[in-house]
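Chemist: following is a predicted model, sequence given first.
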Amino acid sequence: MTKPSPHCIFCDLIRGAAEVSICYEDATALAFMDIQPVNPGHVLVVPKAHYETLVDVPHDVAMHLFDVSMRLAPVIRRMAGARA
């Protein structure tokens, strides 16, 4: 893990720099609605710790993010009326 970049939008959001519509939060992950959604129910699931690149994310954190995504997907799909 590296120190947060002063220009990392995700770090800024996690620190509360802007309002986000949070769908899920735990000690490791934060999931929130995208402010410029590509599709209905577009949610971003990000680690709370800053990592420069995907390959820097520890395996256990990556698996946790995937697990959160898989648990949220059917709920978000149903709530947003998104197609399967």
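Modeler: On my side now, so go ahead. Numbers count the residues shown, from 1 in each chain.

Chemist: first vs last residue of stretch 10-20, how far apart are they?
Modeler: One end of stretch 10-20 sits 11 Å from the other (Cα to Cα, to the nearest Å).

Chemist: buried ones in it, by neighbour count?
Modeler: For stretch 10-20, the neighbour count (16 or more other Cβ atoms under 10 Å) marks F10, C11, L13, I14, V20 as buried. All C-beta atoms are positioned from the backbone trio N, CA, C, and that covers glycine.

Chemist: against Y51, how distant is the first one?
Modeler: Pointing back at F10 there. From F10 across to Y51, the span is 10 Å (Cβ to Cβ, to the nearest Å).

Chemist: then the second one?
Modeler: According to Cβ to Cβ, C11 stands 10 Å off from Y51.

Chemist: which residues do those two both contact?
Modeler: Any residue near both C11 and Y51 by Cβ atoms under 8 Å, 6 or more residues apart in numbering counts here, and not one turns up.

Chemist: quick one: the helices in the chain?
Modeler: Taking DSSP state H as the criterion, the chain contains helices spanning 9-14, 59-80.

Chemist: looking at these, which is buried most?
Modeler: When you average the neighbours per residue for each of those (mean count of other Cβ atoms under 10 Å), helix 9-14 leads with a mean of 16.

Chemist: mean confidence (pLDDT) on that helix, please.
Modeler: The average of the pLDDT scores along helix 9-14 is 89.

Chemist: so what touches that helix?
Modeler: Counting by Cβ under 8 Å, 6+ apart, P4, S5, A18, V20, L30, F32, L44, V46, K48, H50 sit against helix 9-14.
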